[in-house]
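Engineer: Give me a model of this one.
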Amino acid sequence: MSVLSHVLDDVTVDDRLTQGVTAAVYEYGDKFETVSHMHRNAIVRIDNYGWHMSWKCDGRVPQLLDLSTAWQVRKDELPTGPDKITELRKFLTDQCFENGDSRVVWLMIGTGVISVTHIFLVCDDRDAAMMFRSQLPDLIKRARFGHHTPLTVVLKKWREVTLKTDVHGQIELSWIANLFKGGSMSDRQLLKCAFNAFGKLILSPDDVTLTKFISMIYTLDLFPRIKTIFDSICGGTSSMTPQKLHDFLDKQRDTCTGYDDKSMKLIMRKYQIEEQQSDLGMSFGDFLLLLLSEEAAMVASEGAKDTDSMTHPLSSYFINSSHNSYLTGRQILGDSSSDIYRTLLLSGVRCIEIDAWNGKDGVVVTHGHAYCRKIPLKRKILLKWKKLTPEKEQQLNSDMEMPDESEEDLNDPNDLTKLINSASRFQLWRRAASYKWKKGPSEIHHDLSAIVNYCQTVSFKSFEESKGNEFWCIGSQLVALNIQTNDKFNQLNRGMFEKNKYSGYVLKPEYLQRPDTFINPFTATGTPIFNYKVTVVIPKISFIHFSLRDSKSVTTQRSISLNRMKIGYRHLTLFTPTGEPSSSSILLNITLNMTSEDHNKEGSNGTPWKK
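Structural biologist: Purely as a prediction, here's the structure:
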C-alpha cells in the first residue's frame, strides 16, 4: 500500500530506542510532591513510527504514552526542595549514579495547557538518555502539531493495538472488536468481523498486520455515506474506471485537466490494498483509502509556499495572546503555576501576562486582591528580545546566565523571522535576587523595568460581548483570552493560530494593513449547519466551528478558517476539547459559489476568494 508511505516513512527512530532501553520510570504531578507511578527495571521503547512511548516491567501490562499528549523534553535542572521528587532522588543516591542528572530524561506531558504531569526516565547509561533527549523533541512536535488525516488516525490506532498487550504479550480479539463499539453493529457482529480478518481469538502483535486491520475496518459498515458516493460514481458496478476517477478528482480539485490514463492508473495503484487489483479498477476499499488520505483532507498540510511571509512589520500580524496566563482555574481563590507559561509558549502563544506584585519575600506573580496562589518571580523570568548592558547585568544578578554577545539584534521591526527564531529558543533564567517595589503603580524597580517590553492598556467598552473574531475583523492585533476554560472562543482562537504552522503569528489581510481601512465587524452569520449556505465578507478571518456532543458535553471540536477549506468531499480530523488530535473525523461536501463582488476581496494568497 504505497499511499501509507507518506505517513509511515516520514520519521526515523533510532534502532536502540525501538528495541528498548532499560530504565526506571517515575511519574509526578504538577508540584512534584507525590509519585503517582513508579516502575523499576522497565524496558522503555518508542514505536518505530514515532507515535507512542511505552514501558513494561515483568509481570505487568505495558504502559503507553501517546506522544501527542507530551509537551516538551525539559533540559533544565531537576526540581529542588525538601518535598520535591524525593523518591527519584533517593533512587539516584541508592544507585550511586555519579552526576545522575545526565541519565535522567524529563518529559512534561498533559492534555491542554493546564493539566501538567511529569515523567522522569532514569536510563542505565548516558548514551541512551542522550538518544531520548535528541529524538523526542521532533517526535513530540510531529505528534502534537503535525498534519493529521483520518488515515493517520487509523494507522496510529493500529499501532496502539499492537503495543497494548496483556502481561503475556498477547492481544485478545475481543479488545480489538471493542474499539469499534457504539455503531450499528452488535458486539457479536463486531467480534465476527474481527475473527474473519484475523482468524484467531488470541493474537500476537505480529498477527495484527496493517493490511488485516484495514481490511477488517472495511467490513464494519463504518462508512455508509462513502459507500453511497462510490456507488453513485460507479453507476452500480463494483469498481471505478480510470475515466470515472479522473472526473471525480476534477471536481475535487476544482480544475479541468485532460484525461491521462497513465496518471490515473498510478493514482489507483497508490491507493490499492491488494497489488493484484491494479487492472480491475478502483475498489470501494481503495476509494475509502483515498478519501481518508491527504488527497481528500479539508485542510491541506502547510508547505513553505502556504505559510505567511514573516518579513512584514510586527503590526501587520495577529498575535496569539493570553490573559491571566498564570492561573490554572478561577480568578478568585484560584491556583497558579509557572508551568503554564511553558505550555502556553509551546502551544504557540506569543503574548503572555506576568501579573507582578510586591510580596513578603520579593516580587510575586498572582491575581491582585483575589487570594490566588502566588508564584515567586525570583524563581524564573522570561527575557524577550532585549539585551542588557554589562552594567545592568552586574546590577541585576552576577550569577545570571545572559545571551551570547554575538547573538543577532532581535529588535529589527522589519524582520519578524528573527523574533520567531528567538521565540523558538525561549530560555527561562533562574534568578537569585529579589526586588522590593515601592508603593504606587509607576514606581517599579528601574532595573527590572529595563528588561521588560511594556504596552499601554487601553480599555474597550463599545461591544456588548468580547468575541475574538469581531476584534480580528477590525484589525485588533492582540485578543487575549483566558485559557482556563475550553469554551468555543478558545477553540476559535486555536483555529485562528493553527495557521502558519502554529508560529503564533498570522498575517492580517491586506486591507487591514492599510491605515485608511474601515470595517464593520458585525457581519457574522453564525455557525453553519449541514446544507446551510453561508455568505462570507472576510474569508481569511471567518471561521466555521464544528463540535460533536454527547448528552452532557462537547466530545470533539475544531474551528477552521474558511479560506483554508478545499472543495469537494473532504474529511476533517477533529480535536479533543483541549486541542489534541482525536480519533474522530467528519465527512463534508463543500461547494463554493463566486459572486461579482468577490473579485474585489482578497484571498489567502492575494487572489480573489471564491465564495
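
Engineer: going forward, measure contacts and count neighbours with C-alpha atoms only.
Structural biologist: Fine.

Engineer: Please give the centre-to-centre distance between stretch 341-354 and its chain.
Structural biologist: Mean-position distance between stretch 341-354 and its chain equals 14 Å (C-alpha atoms, centre = their mean, to the nearest Å).

Engineer: Let's see the distance spanning that stretch from one end to the other.
Structural biologist: Taking C-alpha to C-alpha, to the nearest Å, the first and last residues of stretch 341-354 lie 9 Å apart.

Engineer: Same question for that stretch: list its buried residues.
Structural biologist: 341-352, 354 (16 or more other C-alpha atoms under 10 Å).

Engineer: just stretch 327-342 next, same as before
Structural biologist: Those would be 327-329, 331, 334-342, for stretch 327-342 by 16+ other C-alpha under 10 Å.

Engineer: what mean pLDDT does that stretch have?
Structural biologist: For stretch 327-342, mean pLDDT is 85.

Engineer: any residues touching it, and which ones?
Structural biologist: Under the contact criterion C-alpha atoms under 8 Å, 6 or more residues apart in numbering, stretch 327-342 has outside partners 30, 113-114, 116, 325-326, 352, 366-367, 370-375, 484.

Engineer: May I ask which two of those residues are separated the most?
Structural biologist: Val116 and Ala370 (23.5 Å; C-alpha to C-alpha).

Engineer: Looking at those two now, which is surrounded by more residues?
Structural biologist: Ranked by neighbour count (other C-alpha atoms under 10 Å), Val116 and Ala370 place Val116 first, with 21 against 12.

Engineer: Glu77 belongs to a helix, doesn't it?
Structural biologist: No - using DSSP: H, G, I helix; E, B strand; the rest coil, the secondary structure at Glu77 is coil, not a helix.

Engineer: On the three-state scheme, the closest residue to it other than its chain neighbours is what?
Structural biologist: The shortest distance from Glu77 to any non-neighbouring residue, by C-alpha to C-alpha, 6 or more residues apart in numbering, is to Asp101 (7.9 Å). On the three-state scheme (three-state DSSP), Asp101 is labelled helix.

Engineer: helix, strand or coil for the nearest residue to Ile226 once chain neighbours are set aside?
Structural biologist: Using C-alpha to C-alpha, 6+ apart and skipping the chain neighbours, the partner closest in space to Ile226 is Leu288 (7.1 Å). Recorded secondary structure, Leu288: helix (three-state DSSP).

Engineer: The closest residue to Trp51 other than its chain neighbours: what's it in contact with?
Structural biologist: Excluding its sequence neighbours, the residue lying closest to Trp51 (C-alpha to C-alpha, 6+ apart) is Leu67, at 5.7 Å. Going by C-alpha under 8 Å, 6+ apart, Leu67 touches Gly50, Trp51, His52, Met53, Leu139, Ile140, Ala143, Arg144.

Engineer: element containing the last one, please.
Structural biologist: In other words, Arg144. Element membership for Arg144, per DSSP states H and E: helix 126-145.

Engineer: tell me which residues in that helix are buried?
Structural biologist: 126, 128-129, 132-133, 135-137, 139-145.

Engineer: Report the two of those separated the most.
Structural biologist: Arg126 and Phe145 (29.0 Å).

Engineer: who does the longest strand belonging to the chain pair up with?
Structural biologist: Determined from DSSP state E, the single longest strand within the chain is strand 35-46. Strand pairing for strand 35-46, using DSSP bridges, gives strand 21-28 (antiparallel), strand 52-56 (antiparallel).

Engineer: export those strands to TSV and tack on distance to Asp187?
Structural biologist: Shown next, in TSV, are the strands paired with strand 35-46 (distance: least, C-alpha to C-alpha, whole Å):
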stretch	distance to Asp187
strand 21-28	36
strand 52-56	28
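
Engineer: Looking at the ones you listed, which is nearest to Glu77?
Structural biologist: strand 21-28 (15.8 Å).

Engineer: what's the average pLDDT for stretch 504-511?
Structural biologist: 87.

Engineer: outside of that stretch, which residues touch it?
Structural biologist: 308-309, 316-320, 348-350, 475, 496-497, 499-500, 517, 540, 602, 604.

Engineer: filter these to the buried ones?
Structural biologist: The buried subset of those - by 16+ other C-alpha under 10 Å - is 308, 316-320, 348-350, 475, 496-497, 499-500, 540, 602, 604.

Engineer: re the thing from before, wait, the residue nearest to Ile226 touches Pro224, no?
Structural biologist: No - between Leu288 and Pro224 there is no contact under C-alpha atoms under 8 Å: 10.7 Å.

Engineer: which one of the two has more residues nearby?
Structural biologist: Between Leu288 and Pro224, Leu288 has the larger neighbour count (other C-alpha under 10 Å), namely 18 against 10.

Engineer: Backbone dihedrals for the spatially closest residue to Phe230 that is not a sequence neighbour, both of them.
Structural biologist: Nearest residue to Phe230, sequence neighbours excluded (C-alpha to C-alpha, 6+ apart): Phe284, at 6.7 Å. Main-chain torsions, Phe284, degrees, to the nearest 10: phi -60, psi -40.

Engineer: got a list of what Ser102 touches?
Structural biologist: With C-alpha under 8 Å, 6+ apart, Ser102 has these contacts: Arg126, Ala129.

Engineer: Report pLDDT for it.
Structural biologist: With respect to pLDDT, Ser102 has a value of 88.
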